[in-house]
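S.K.: Any chance you could fold what I've pasted below:
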Amino acid sequence: MLELIKVNGPVSFIGEYINNMVNTEGPNPSFNYFQLAGSWFITGENRRYNNQIGVLGKLIPHKNFNFKKTTGPGAFELGARYTRSDFTDQDITGGKFGRFTTALSWYPNAHFRFEINYGHGSLERDDMTGKSDFWQFRVQFEL
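M.R.: Below you'll find the predicted structure:
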């Protein structure tokens, strides 16, 4: 596994590559996956990288949202990601799947995240190609 994360103020980039080798009684297949992603906090926030445990830290909006007049909007983030998985090697024909996804996230405070995603995927397998478009809605709670 190889991973790269770069945070520069409200902009971040992530790249990841994974190669899985499977031990079988016959030939040993190898499967690959990669992703390239980026995001931008429209409201100026950023996630700090935690060197001790190797992850991006919790997002804390500059001004939390609530229904009082003196509060802020929370934090808004635009994101995009491309992933590609290859599950075909040796005698296994799992296909190749590519997916492009965009996202709009709203963090009203440090504990909640609301996200809407649109994506387009394409699966190539057995000389056929299947395509799909999808919408997702996500609600996340974090202590």
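
S.K.: in the protein, which residue is closest to the centre?
M.R.: By C-alpha atoms, centre = their mean, the mean C-alpha position of the chain lies nearest to R81, the distance being 6.0 Å.

S.K.: distance between the ends of stretch 67-76?
M.R.: Taking C-alpha to C-alpha, to the nearest Å, the first and last residues of stretch 67-76 lie 17 Å apart.

S.K.: hey, where'd the helices end up in this structure?
M.R.: When secondary structure is read from DSSP state H, the chain shows no helices.

S.K.: Could you pull out the strands in it for me?
M.R.: Counting by DSSP state E, residue ranges of the strands within the chain are 2-8, 11-21, 30-41, 49-50, 55-56, 75-89, 92-107, 112-125, 128-141.

S.K.: Let me have those in a markdown table, extended by mean pLDDT and distance to F65.
M.R.: C-beta: built from backbone N, CA, C; applies to glycine. Converted to a markdown table, the strands of the chain look like this (pLDDT from 0 to 100; distance: least, C-beta to C-beta, whole Å):
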| stretch | mean pLDDT | distance to F65 |
| --- | --- | --- |
| strand 2-8 | 92 | 23 |
| strand 11-21 | 94 | 22 |
| strand 30-41 | 96 | 14 |
| strand 49-50 | 82 | 25 |
| strand 55-56 | 84 | 22 |
| strand 75-89 | 96 | 9 |
| strand 92-107 | 95 | 8 |
| strand 112-125 | 97 | 9 |
| strand 128-141 | 96 | 15 |
